[in-house]
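1. okay, sequence plus prediction incoming.
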Amino acid sequence: MNGMMNHPNPFAKLQDLGNPLSRRRQPPYILLTAYTMLVWILSGSISLFPADPIADGGALNGVRHRLVVSTDIGGTDPDDFQSLIHLLVYADILDIEGLISSPYGPGRRRHILEVIDHYARDYGHLKSYSNHYPSPDHLRSISKQGATEVASYAGINSPTEGSNWIIQCAQKKDPRPLHVLVWGGLEDLAQALADAPEILPSLRVYWIGGPNKKWSPDAYQFIVSHFPGLWMIESNSTYRGWFVGGDMSDGWDNKGFVARNIAPCGHLGQFFQNQLEGTIKMGDTPSVSWLLRGHPESPDQPGWGGQFVRAWKRPHVHMNHLPQEGDHMEIFGILELALPLPQPAQTGFTSQLLVENQALKGFVAPDQTLRFRFSPKAARTYEFSLVSSLEALDGMSGRIRAVHPDRHKQFQPSTELPHWWTDSLDPHLQEGEHAGAKSVNRWRLEFLRDFAARMQRCRQPQPRIE
């Protein structure tokens, strides 16, 4: 190794070994092949992942997983209704221990109960196929109200029924881990960890991040800073493979599939069809399918919920000024502003940072800096403006450009985050601008066929065999 490092060209010796004139330094071909493969991998010419992966294991192979769902159903995006319907038709092969209404937006526990009411109408048909379907009353009993507001700058607010329920489920004497599927903000998970840090080893978190991270930057930063040992899949773009790309021919497109395979299937099917004008989104469903088909204990292995890599250091940019032309940061990272106050904050002092469709509330830190956190959900330029009761700050503006991470970062896993996983940057798994999405949509026909078959259970009871 030292000889190679002292050579003017570290790879020259490998090249020499591959030269037919250097046969005294055999065996050359194995080394040449290894070198060539390394170059191809780093350049993106070949994939680290198999071309024809096999997704086996999971609940569809008889492995019963425990899970709690934290959802912003009924909030700003109705796709959670679709994902909850999908979950419920598979409820006979999963142990659902909690359904929690969490931020962001106006979603509440009543929206979970609304879906359960439709499930109740189809329950007779469903249980004719399996007596393991939970009763509607049981599902209602495990539906809890979580936080109704996003976290403060501290990252946590106060305990909720939802956060306490996560703790109660995690403390059960069950050797299986508790899978926490987060479809919205991280507020209730962060609160549960803060109140009962001893539950951390029991948790396996699959978070649909991306736009949800935009609404939950403070809870996110609290978790990554205080609980780096958490087992976490941070899916910022992989999840998009459920509704972007893949085989959409012959009626398997997002709208045609619903009309043909979902809408005719009972009360749940009709309710599904009424969401998003009858078009599939189901952006949170990969977290469920992760448990249905694949290897939940090994995120780097293929499965219906995607294929991930160890997370590199979580991008966190700290600035003591509003960003200006030329400033940039990594997409899905955290921008933390600590703006020095020109004078001590007075009682009643207010400030908001306006960016896109957000009005971020300012927090005055003990060091007399005004703090904001922001996370960009897309690779583009974001404009900022400050509205403040302090004249010296009011009207200030700035901008920052969000960029995609360098692909080599996936080969630099953080030692501080030993169980944290995120989207693969392998170009062969990228769908358009969405990293990792092809690790989901490669299974499109398989998971949609299976979902269609499940929905048929709502349409009619299982025929009796005479």
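-> Arrived safely. As the structure is a prediction and not an experimental result, all values here were calculated from the model.
2. next, the contact list for Tyr220, please.
-> 155, 186, 209, 213, 334, 375 (Cβ atoms under 8 Å, 6 or more residues apart in numbering). To be clear about C-beta, it is placed using only N, CA and C from the backbone, and glycine gets the same treatment.
3. most neighbours among those, which one is it?
-> Top of the contacts of Tyr220 by neighbour number is Leu186, holding 33 neighbours under the definition other Cβ atoms under 10 Å.
4. can you pull the buried residues of stretch 372-392?
-> 372-377, 382, 384, 386, 388, 390 (16 or more other Cβ atoms under 10 Å).
5. quick check, nearest of the contacts of Tyr220 to Val89?
-> Gly209 (25.6 Å; Cβ to Cβ).
6. give me the nearest residue to that closest one, chain neighbours excluded.
-> Asn236 (4.3 Å; Cβ to Cβ, 6 or more residues apart in numbering).
7. my guess is the one you found contacts Asn212, does it?
-> No. Between Asn236 and Asn212 there is no contact, the gap being 9.0 Å when judged by Cβ atoms under 8 Å.
8. okay, those two: which has more neighbours?
-> Asn212 (27 against 23).
9. is it true that that one touches Gly184?
-> Yes. Using Cβ under 8 Å, Asn212 is in contact with Gly184, at 5.6 Å.
10. hey, what's in contact with both of these two?
-> Common neighbours of Asn212 and Gly184 (Cβ under 8 Å, 6+ apart) are 72, 104.
11. for stretch 337-346, what is the distance to the chain centroid?
-> 35 Å (Cα atoms, centre = their mean, to the nearest Å).
12. so for that stretch, what gets flagged as buried?
-> Within stretch 337-346, the residues that count as buried by 16+ other Cβ under 10 Å are 337, 339, 341, 345.
13. just give the closest residue to the third one, not the sequence neighbours.
-> Once its chain neighbours are removed from consideration, Leu341 has its nearest residue in Gln368; the separation is 5.0 Å (Cβ to Cβ, 6+ apart).
14. the helices in the stretch 251-400 of the chain, which residues?
-> 254-257, 266-273, 286-292 (DSSP state H, counting those that start in this stretch).
15. packing partners for the second one?
-> Using 3 or more Cβ pairs under 8 Å, 6 or more residues apart in numbering; DSSP states H and E as the contact criterion, the secondary-structure elements in contact with helix 266-273 are helix 79-89, helix 109-127, helix 444-459.
16. which of the ones you listed sits most buried?
-> helix 79-89 (a mean of 25; mean count of other Cβ atoms under 10 Å).
17. give me the sheet partners of the helix or strand just after it and which way each runs.
-> Moving toward the C-terminus from helix 79-89, the next helix or strand (DSSP states H and E) is strand 95-101. Take DSSP bridges as the rule and strand 95-101 pairs in its sheet with strand 66-71 (parallel), strand 143-145 (parallel).
18. can I get those strands in CSV including mean neighbour count and mean pLDDT?
-> Below are the strands paired with strand 95-101 laid out as CSV (neighbours: other Cβ atoms under 10 Å; pLDDT from 0 to 100):
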stretch, mean neighbour count, mean pLDDT
strand 66-71, 26, 98
strand 143-145, 21, 98
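19. flag the helix or strand of the chain with the lowest per-element mean pLDDT.
-> helix 12-17 (a mean of 34; mean pLDDT, DSSP states H and E).
20. show me the domain layout of this protein.
-> 2-43, 59-312+416-459, 316-403 (automatic domain parsing).
21. rewinding a little: which one of the strands paired with strand 95-101 lies nearest to Leu60?
-> Taking the strands paired with strand 95-101 one by one with Cβ to Cβ, strand 66-71 is closest: 14.7 Å.
22. give me the distance from the closest one to the chain's centre.
-> 13 Å.
23. begin at 32 from now on, thanks
-> Let's use 32 as the start, then, which means that last one is strand 97-102.
24. just the C-alphas of it, formatted as CSV.
-> Output of strand 97-102 as CSV, limited to C-alpha atoms (Å, rounded to 0.1, in the frame of the first residue of the first chain):
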residue,chain,number,x,y,z
ARG,A,97,-45.6,-4.5,14.8
LEU,A,98,-46.3,-0.9,13.7
VAL,A,99,-47.6,2.5,14.7
VAL,A,100,-48.5,5.1,12.1
SER,A,101,-48.1,8.8,12.6
THR,A,102,-50.0,10.6,9.9
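25. give me the residues contacting that strand.
-> 111, 114-115, 118, 125-133, 138, 143, 177, 193, 196-197, 200, 205, 207-216, 219-220, 315, 322.
26. what angle do it and helix 140-158 make?
-> If you take axes from the mean of the first three to the mean of the last three Cα atoms, to 10 degrees, strand 97-102 sits at 140 degrees to helix 140-158.
27. so which residue is smack in the middle of the protein?
-> Ile239 (2.3 Å; Cα atoms, centre = their mean).
28. buried subset of the contacts of strand 97-102?
-> 111, 114-115, 118, 125-133, 138, 143, 177, 193, 196-197, 200, 208-216, 219-220, 315, 322.
29. hmm, back to that, just checking, which of the buried residues of stretch 368-377 belong to strands?
-> 368, 370 (DSSP state E).
30. among the buried residues of stretch 368-377, which one lies nearest to Trp283?
-> Leu368 (45.2 Å).
31. from His257, how far out is that closest one?
-> 21 Å (Cβ to Cβ, to the nearest Å).
32. and what of Gln338?
-> Gln338 is 28 Å from His257, by Cβ to Cβ.
33. in the stretch 132-281 of the chain, which spans are helices?
-> Using DSSP H, counting those that start in this stretch, helices in the stretch 132-281 of the chain cover 140-158, 167-172, 192-201, 218-226, 242-246, 248-257.
34. and Gly93, which of the ones you listed is closest to it?
-> helix 140-158 (19.0 Å).
35. now that closest one against helix 110-120, angle please.
-> Going by the same axes, to 10 degrees, helix 140-158 makes 30 degrees with helix 110-120.
36. what packs against helix 140-158?
-> Going by 3+ Cβ pairs under 8 Å, 6+ apart, helix 140-158 lies up against helix 110-120, strand 126-132, helix 167-172, strand 174-176, helix 297-304, helix 475-490.
37. got a list of contacts for it?
-> The contact list for helix 140-158 (Cβ under 8 Å, 6+ apart) reads 102, 104-105, 112, 115-116, 119-120, 123, 130, 132, 164, 166-167, 170-171, 174-176, 297-299, 302, 488-492.
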